[in-house]
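**Student:** have a look at this fold, sequence not included:
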């Protein structure tokens, strides 16, 4: 079975609840958004309460259990080999 990952949440979504839940469960957030949109037709209060509760749960889980994959990468400093100092023969080679 191939592992699929959801893209990082863009900045233009409402609190990122569906994107975060979709990322955690491995579900496309579009399906969650469609389910919330469909449920809005039946009970506005229940959907808003559920969305707010999921938002609090997502916030608490992100604060208590940060994702190690999202941790800032530490920069490794590597030294590159330096060019050798010009020797006395270098001007002769250039002249030839």
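**Tutor:** Happy to help now that I have it. Since the structure is predicted, the reported quantities are computational estimates derived from the model, not experimental observations. Numbers count the residues shown, from 1 in each chain.

**Student:** worst mean pLDDT across the helices and strands of this protein, which element?
**Tutor:** helix 90-95 (a mean of 70; mean pLDDT, DSSP states H and E).

**Student:** please name the residues that touch residue 54.
**Tutor:** 17, 21 (C-beta atoms under 8 Å, 6 or more residues apart in numbering). C-beta: built from backbone N, CA, C; applies to glycine.

**Student:** for it, what are phi and psi?
**Tutor:** Dihedral angles of residue 54 (phi, psi; degrees, to the nearest 10) stand at phi -60, psi -40.

**Student:** any idea how far it lies from residue 31?
**Tutor:** Counting by C-beta to C-beta, to the nearest Å, the separation of residue 54 from residue 31 is 14 Å.

**Student:** same question for residue 65.
**Tutor:** Taking C-beta to C-beta as the measure, residue 65 falls 24 Å from residue 31.

**Student:** ok, residue 94 next?
**Tutor:** Separation of residue 94 from residue 31 (C-beta to C-beta) stands at 68 Å.

**Student:** between these two, which one's more packed in?
**Tutor:** residue 31 (11 against 8; other C-beta atoms under 10 Å).

**Student:** quick check: which element contains the residue nearest to the more buried one when sequence neighbours are not counted?
**Tutor:** Nearest non-adjacent residue to residue 31, counting by C-beta to C-beta, 6 or more residues apart in numbering: residue 22, 7.6 Å away. Residue 22 is located in helix 17-25, with elements delineated by DSSP states H and E.

**Student:** ok, residue 33 next?
**Tutor:** helix 29-40.

**Student:** tell me what that helix is packed against?
**Tutor:** Applying 3 or more C-beta pairs under 8 Å, 6 or more residues apart in numbering; DSSP states H and E, we find helix 29-40 packed against helix 17-25, helix 44-64.
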